[in-house]
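Novice: Sequence first, predicted coordinates after that:
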Amino acid sequence: MRIPTRALTALILLATPLAGCIYRMNIQQGNYLEGKTVAQLQVGMTRTQVRYLLGSPMVPDIFNKDRWDYLYYFKTGHLQRPEQRHLVVFFKEDKVASFQRENVPDSAPRAPDNDISVQKFPKI
């Protein structure tokens, strides 16, 4: 049984707009890095204090035990750019020697409509 070319073309033209209507769930991976938490990180803290403050590192470096990488990735839909944050903590003699932060905000995120801090929402 052969499908006529016109019917096949019509079917493709009708199905094409529906292909973009696929639900894309949010993807969140890694350690959530909040600015106020990262601001508490100080040179001289022990590994235990850093782990208590930030959690276990997402990417342990097997070749360099004195470097901890904290990564956070959040993607909404498929058209928006993903939000990425990166924090690297360097240790010397089991104490924080330095750290580098990339795209870690200094304040809490804002609600999209009212510009109200998320911290003001009730905790459930």
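Specialist: That came through fine.
Novice: Can you show me the strands along the protein?
Specialist: With DSSP state E applied, the chain shows strands at 27-30, 59-60, 67-75, 83-92, 95-102, listed in chain order.
Novice: can you put those strands in CSV and add distance to Q42?
Specialist: Where C-beta positions appear, they are placed from N, C-alpha and C, glycine not excepted. As requested, these are exported to CSV (distance: least, C-beta to C-beta, whole Å):
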stretch, distance to Q42
strand 27-30, 22
strand 59-60, 22
strand 67-75, 15
strand 83-92, 11
strand 95-102, 7
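Novice: Next, format the ones you listed as TSV and append mean neighbour count.
Specialist: TSV is the format used below for the strands of the chain (neighbours: other C-beta atoms under 10 Å):
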stretch	mean neighbour count
strand 27-30	14
strand 59-60	12
strand 67-75	18
strand 83-92	17
strand 95-102	14
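Novice: now for the ones you listed, which one comes closest to A39?
Specialist: Checking the strands of the chain against A39 by C-beta to C-beta gives strand 95-102 as the closest, at 9.5 Å.
Novice: Contacts for the closest one next, please.
Specialist: Under the criterion C-beta atoms under 8 Å, 6 or more residues apart in numbering, residues 33, 38, 41-47, 50, 66, 85-91 lie in contact with strand 95-102.
Novice: go with 6 Å
Specialist: By C-beta atoms under 6 Å, 6 or more residues apart in numbering, the surrounding residues in contact with strand 95-102 are V38, L41, V43, G44, M45, T46, H86, L87, V88, V89, F90.
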